[in-house]
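J.: Take a look and give me a structure for this.
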Amino acid sequence: MKIALAVFFLGSVCVYGQDDGMMAAQQANQQAVQAGLQAAQQMQQDMQTAQMANQQAMQAAQQAMDQMTISSQQSTINMLQNTANASSSSSCPGPIIGAAAQPTFTVKPGKVAAGTKVILKSASHYAAIYYTIDGWAPNESSIRYTGPVTINAETHLQAMATGPNMIHSSIARADYTVDTPAAPSLPTQPLATDGVLRKGTALRLMTGSEISSHNAQVGDKVPLLLDQEIQVSGSVVIPKGTPVDGILTVADPAAKYYVPGDLVFEVHSLNVQGKSIPLSGGETLEGAAARRPKEAIIEPGMAVTAMVTADTPLKQ
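T.: Sure thing, here's the model as predicted:
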C-alpha cells in the first residue's frame, strides 16, 4: 500500500513538472512572436517614413525644375523683347540677310606709278566700305572710304564692306609698290611733354616679334615696343624701345571652308620709372580667305597706335 502511494505521488509530481515546463515554453514562444511582430511593425513604419521623405525630395526637385523652366522661359521672353525693341528702334530694322559683297579694287596689285588712284566698290546696295593701309585688318573703326585711295609708297591696302542688315564682307587685299626709288625713312619725332603725359596723347608703338594664329592662344602676351622717345624739357625720360604690355583677346586658327585665321590684341600699359602708364588701343589681323585659308601672322615692326588714358606725371 505504501509502495503504491509513493508511485502515485511521484507520478503526480512528474505531471506537474511537465505542465510547468510547457507553460514556460509557451510564454517564451509568445514573447518571441510578439517581439517579431513589433520588429515588423517598426520596419514598416521606417519604410513608410523613408517613402514619405523620398516623395518630399522628389516634389522639391520637381518644384526646382519648374522654377528653372519658368526662369529660362522668362529669360528667353526678355531676350526676344529686347531684340524686338532694338530692332524697332533701329534706323534699319529687319532680319540679317547675309554678308555684304567683298570690295573690289580698280587697280590690280603690284608695281604702280606714284599717284595712282585706287577706287573701291562693293556690289551690295548701300554698303559702307572701310579700309586700312598699314597691314592691319579693317573694321568699322577704320577709315571709311569716301573717295579714291592714292598710292604714293608701298601700301598694303585692305578693305571690307558692311551694309544694312548684313554682316561684314570678307576682306579684300592688294599690295602695291611704287616704281620710283623709295625716299629715305625719317626718324620718328620725339614726343615733348611738360612733365605730365596727358590723357588722350597718342603714342606710336611697333610689334616686337612674330605671332601666328596657328599656335597662339587667348591670353598670350603681345610684345610691343615704344617707337618714339618721350622727353621732358629736352631730356629723354622714356627711351624708344621701352616695352609695352599687350595681350591677345582673340586667337583663331584658319579652318576649312574659306575661314581664315584671326588675331586680335589689346594694348594695356607702358611700365616705366616704377609706375604703370595706362593705355588703350589694339589691332585686328585676319588671314586671307581662299580655297586654302591662311593664318593671320603679326610680323615684327608693324605700327600700332595707343592712347594714354590718364594724366601721368613723369620724372625728369
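J.: Now do stretch 295-311: distance from first to last residue.
T.: 38 Å (Cα to Cα, to the nearest Å).
J.: What residues sit buried inside it?
T.: Glu295, Ala296, Ile298, Met302, Val304, Ala306, Val308, Thr309 (16 or more other Cβ atoms under 10 Å). Bear in mind the C-beta positions are built from the backbone N, C-alpha and C, glycine included.
J.: ditto for stretch 145-156
T.: Tyr145, Val149, Ile151, Thr155.
J.: what's the answer for stretch 126-146, then?
T.: Using 16+ other Cβ under 10 Å as the test for burial, stretch 126-146 gives 127-133, 135-139, 142, 145.
J.: Stretch 234-249 now?
T.: Result for stretch 234-249 [16+ other Cβ under 10 Å]: buried residues Val237, Ile238, Lys240, Thr242, Val244, Asp245, Gly246, Leu248.
J.: again, but for stretch 31-48
T.: Buried, per 16+ other Cβ under 10 Å, within stretch 31-48: nothing.
J.: quick one: that stretch to chain centroid distance?
T.: Centre-to-centre, stretch 31-48 and its host chain are 62 Å apart (Cα atoms, centre = their mean, to the nearest Å).
J.: Next, Ser276: phi, psi?
T.: Recorded main-chain torsions at Ser276 are phi -110, psi 120, according to degrees, to the nearest 10.
J.: rewinding a little: okay, the buried residues of stretch 234-249 in TSV with distance to Met206 and secondary structure next?
T.: What follows is the buried residues of stretch 234-249, written out as TSV (distance: Cβ to Cβ, whole Å; DSSP: H, G, I helix; E, B strand; the rest coil):
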residue	distance to Met206	secondary structure
Val237	20	strand
Ile238	15	strand
Lys240	10	coil
Thr242	12	coil
Val244	9	strand
Asp245	14	strand
Gly246	11	strand
Leu248	17	strand
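J.: And the residues you listed, which is closest to Ala35?
T.: Of all the buried residues of stretch 234-249, Ala35 sits closest to Leu248, with 76.4 Å by Cβ to Cβ.
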